[in-house]
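K.L.:
Just to be clear, the model below is a prediction. Sequence and coordinates:
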Amino acid sequence: MARIIYTACGVGFGHGSRSTIVIKELKKKHEIKIVSYDAGLSFLERNFPDVIEMKWFKLFFAANKVDKPLTFIYNLFYLPFVAINNLLLFRKIIKEFKPDVIISDFDVNGLYAGKLFGVPVVLVTNMHMLRHWKTKLNWWDSLVCKLTDEIMLDFFIKPNHTLIISIYKPDKEAKNVD
């Protein structure tokens, strides 16, 4: 039996729904601590009453899409508060729970906690396909992608292993990426 911290991105319900399926299976044989925020937190709490809440940033929407430039600029000021709060939270969880591994469903906090406290991390993601698959975008979408999505992906430090969920075959192979 392994002791696992499972962190899930709280933006929308996608990560929470994917994580719910994985966590239910893992709980059959392992001890799990679940950490999330926002919509992901509320989704996960429907199935797991003991989800731990962490802090995250505010998202701004326009025409049912995230306004990436406004969201980025606004949250730049909250970065130190969110980082310190979550670092202290993970330090406490890791000290008390003594996990064998952290599984991060597109949550950067789990990655940094694992690196800082010496716990191996597995990253579950679909967005990192951008690093392994070429797509053609018009100049505006390409610029927005470079200034938002690709910068966001740069915040994800390298985990011990990456599992990319995608219907596309990557254009290039990478070590420790499935």
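P.N.:
Sure, I can see it. None of these values were measured; they are calculated from a predicted model.

K.L.:
From the contact counts, what lies against the helix or strand encompassing residue 115?
P.N.:
According to DSSP states H and E, residue 115 maps onto helix 108-117. Helices and strands touching helix 108-117, as assessed by 3 or more Cβ pairs under 8 Å, 6 or more residues apart in numbering; DSSP states H and E, comprise strand 3-8, helix 79-97, strand 101-105, strand 121-125. Using the backbone N, CA and C atoms, a C-beta is placed for each residue, glycine as well.

K.L.:
Return the helix or strand in the chain with minimum mean pLDDT.
P.N.:
Every helix and strand of the chain was ranked by mean pLDDT, DSSP states H and E. The lowest is helix 150-154, at a mean of 56.

K.L.:
got a markdown table for the helices and strands packed on helix 108-117, with mean pLDDT, distance to residue 54 and mean neighbour count too?
P.N.:
Formatted as a markdown table, the helices and strands packed on helix 108-117 follow (pLDDT from 0 to 100; distance: least, Cβ to Cβ, whole Å; neighbours: other Cβ atoms under 10 Å):
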| stretch | mean pLDDT | distance to residue 54 | mean neighbour count |
| --- | --- | --- | --- |
| strand 3-8 | 96 | 8 | 25 |
| helix 79-97 | 95 | 5 | 14 |
| strand 101-105 | 94 | 12 | 25 |
| strand 121-125 | 85 | 16 | 23 |
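
K.L.:
Tabulate these in a markdown table, adding columns for distance to residue 113.
P.N.:
Below are the helices and strands packed on helix 108-117 laid out as a markdown table (distance: least, Cβ to Cβ, whole Å):
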| stretch | distance to residue 113 |
| --- | --- |
| strand 3-8 | 8 |
| helix 79-97 | 4 |
| strand 101-105 | 6 |
| strand 121-125 | 8 |
